[in-house]
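Visitor: What would the 3D arrangement of this be:
(one chain, ligands or ions: 1)
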Amino acid sequence: MKTILVTGGAGYIGSHTCVELLEAGFAVVVVDNLDNGCEEALNRVERISHRDLMFEHADVRDKDSLDRVFRDFPIDAVVHFAGLKSVAESVSNPDLYYDVNLGGTIALCEVMESHGVTDIVFSSSATVYGISSSEPIPEYAETQPAQPYGKTKLAAEQHLQTLCEADERWNAVCLRYFNPVGAHPSGLIGEDPKGIPNNLAPYLTQVAAGFRDKLMVFGDDYPTHDGTGVRDYIHVVDLARGHVQALEFLADQRGFMPLNLGTGRPYSVLEVHAAFERAVGEKLPYVIAPRRDGDIAIYFADTAKAEMELGWTAHYDMDDMARDAWNWQSKNPEGYKS
Ligand SMILES: NC(=O)c1ccc[n+]([C@@H]2O[C@H](COP(=O)([O-])OP(=O)(O)OC[C@H]3O[C@@H](n4cnc5c(N)ncnc54)[C@H](O)[C@@H]3O)[C@@H](O)[C@H]2O)c1
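Guide: Alright, predicted model coming up:
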């Protein structure tokens, strides 16, 4: 049985990936500083999978703690989620974002190398492409992130690429996620944002739950079929399964590889809103607001490479994403505190 270190495993995507890893027969060790994660998520991962995992409360920048983890457990490979993800916060506090997202990745790689572990799957982001990309966006599109968050993700990717080029023992798959949405169908784990959600789906479920008055739709005059912005949303369980397939792929020595994880089937804001109305069975109020600076009309993935290299495709559609997001929200109105 292979043992996988999952950094940031107590968070949204990490907890779903732990379920898929355990169900695929891997042993799992989670390192998380619980900055935005929750130990209860890990208890629920164990309930869903009927398997135990190991948890170390530690920061990925703390090399002594990481070193202890690698001495205590026979780690074979790493899935690295631990990081900060708010685009707005990265603009107001770029130093923190470089420290955690890039510094954390460098510290982790140093400790991995000292223990002879050189296979890593990294949580990257479609924000590395910037706003001038073609559509659909292939992995070879120009990388030109528009804000510090995307720049830290690109810098971490470049660090991994440098390691792979310098030493053939290193293998890294950088998964560039589009917009993760939804929750595990059990309703036991899901997205638990602190404060006002930044993303469309948790905002909509909070409108449905009565915590927010209405959705603000930013712009209805884009050159799209209904005038609202069009994005590529992916069910978090599909995303999680992509990590399992990436680990299996890495086992054969691959060097550095960036891969998009999206559906390649984009939806407009109003189509997402309609899917959530169907899932909830009620009208969800919204108002049209002016466009936001920096938003673009259409942004979605070319998924051919992930399909070719990993044999991975997304199975869930927007109605599945809305149903599972609402199932999680309605069973856990206060998130993990419920
Ligand atoms: N959710 C998205 O929309 C999205 C899109 C693209 C990429 N990503 C990336 O995927 C990864 C996971 O995202 P998520 O949505 O699950 O976020 P999340 O905040 O739910 O999970 C991140 C986890 O990392 C932990 N963490 C943060 N800093 C840490 C540190 N210094 N040391 C140890 N643990 C730390 C947090 O406590 C949390 O449990 C992040 O790297 C994020 O940048 C997310």
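Visitor: Enumerate every residue touching the nearest residue to R254 once chain neighbours are set aside.
Guide: In space, and not counting its chain neighbours, R254 is closest to N171: 5.0 Å by C-beta to C-beta, 6 or more residues apart in numbering. Where you see a C-beta, it was placed from the backbone N, CA and C, and this is true even at glycine. Shown in contact with N171 (C-beta atoms under 8 Å, 6 or more residues apart in numbering): 118-120, 164, 250, 253-256.
Visitor: Which ones among those residues lie within strands?
Guide: The strands, defined by DSSP state E, take in 119-120, 256 from the contacts of N171.
Visitor: Could you dump those into a markdown table with neighbour count and distance to G187 added?
Guide: Below are these laid out as a markdown table (neighbours: other C-beta atoms under 10 Å; distance: C-beta to C-beta, whole Å):
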| residue | neighbour count | distance to G187 |
| --- | --- | --- |
| D119 | 24 | 33 |
| I120 | 26 | 31 |
| F256 | 17 | 38 |
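Visitor: a markdown table for the residues you listed, including pLDDT and distance to the ligand?
Guide: As requested, the ones in strands among the contacts of N171 are arranged in a markdown table below (pLDDT from 0 to 100; distance: C-beta to the nearest ligand atom, whole Å):
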| residue | pLDDT | distance to the ligand |
| --- | --- | --- |
| D119 | 98 | 18 |
| I120 | 98 | 13 |
| F256 | 98 | 18 |
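Visitor: can whichever helix in the chain runs longest be found next to the ligand?
Guide: Looking across the chain with DSSP state H, the single longest helix is helix 148-166. No - figure legend: helix 148-166 not in contact with the ligand (C-beta under 6 Å from any ligand atom); closest approach 6.7 Å.
Visitor: Toward the C-terminus, what is the element adjacent to that helix?
Guide: strand 171-177 (DSSP states H and E).
Visitor: so how far is the very next helix or strand once past that following strand off the chain centroid?
Guide: Reading on from strand 171-177 to the C-terminus, the next helix or strand found by DSSP H and E is strand 179-181. Centroid separation for strand 179-181 versus its chain: 7 Å, with C-alpha atoms, centre = their mean, to the nearest Å.
Visitor: model confidence over strand 179-181, on average?
Guide: Mean pLDDT, computed over strand 179-181, is 97.
Visitor: What pairs with that strand, parallel or antiparallel?
Guide: With DSSP bridges as the test, strand 179-181 is paired with strand 233-235 (parallel).
Visitor: what about the partner strand and the ligand, any contact?
Guide: No - judged by C-beta under 6 Å from any ligand atom, strand 233-235 and the ligand are separated, with a smallest distance of 9.5 Å.
Visitor: any residues touching that strand, and which ones?
Guide: 177-182, 201, 261-263, 266-267, 272, 314-316, 318, 320-321, 324.
Visitor: With stretch 294-301 instead?
Guide: With contact meaning C-beta under 8 Å, 6+ apart, stretch 294-301 is reached by 126, 131, 133, 135-137, 146-147, 176, 178, 218-219, 222-224, 229-232, 260-266.
Visitor: Can you tell me which of these end up in strands?
Guide: Per DSSP E, these map to strands at 176, 218, 230-231, 260-261.
Visitor: Serialize those to JSON lines and add fields for pLDDT and distance to M308.
Guide: As requested, these are exported to JSON lines (pLDDT from 0 to 100; distance: C-beta to C-beta, whole Å):
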{"residue": "R176", "pLDDT": "98", "distance to M308": "15"}
{"residue": "F218", "pLDDT": "96", "distance to M308": "35"}
{"residue": "V230", "pLDDT": "95", "distance to M308": "25"}
{"residue": "R231", "pLDDT": "96", "distance to M308": "23"}
{"residue": "N260", "pLDDT": "98", "distance to M308": "12"}
{"residue": "L261", "pLDDT": "98", "distance to M308": "13"}
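Visitor: from the residues you listed, which is closest to the ligand?
Guide: R176 (7.7 Å; C-beta to the nearest ligand atom).
Visitor: so who does the residue nearest to S114 when sequence neighbours are not counted touch?
Guide: Spatial nearest neighbour of S114, excluding adjacent residues (C-beta to C-beta, 6+ apart): D67 at 7.3 Å. Contacts for D67 were tallied using C-beta under 8 Å, 6+ apart; they are 111, 114-115.
Visitor: Near the ligand, which residues of the chain are found?
Guide: So the chain meets the ligand at 7-8, 10-14, 32-37, 59-61, 81-85, 100, 104, 123, 125, 177, 180 (C-beta under 6 Å from any ligand atom).
Visitor: from those, which ones fall inside strands?
Guide: Among the residues of the chain next to the ligand, the members falling in strands (DSSP E) are 7, 32, 123, 125, 177, 180.
Visitor: out of these, which is most surrounded?
Guide: Sorting these by how many neighbours each has (other C-beta atoms under 10 Å) puts T7 first, at 30 neighbours.
Visitor: who's in contact with the residue lying closest to that residue once chain neighbours are set aside?
Guide: Leaving aside its sequence neighbours, T7 sits nearest to A82 (C-beta to C-beta, 6+ apart; 3.8 Å). A82 is in contact with 7-8, 11, 14, 31-33, 60, 100, 104, counting by C-beta under 8 Å, 6+ apart.
Visitor: repeat that for 6 Å
Guide: 7-8, 60, 104 (C-beta atoms under 6 Å, 6 or more residues apart in numbering).
Visitor: This completes my enquiry, with thanks.
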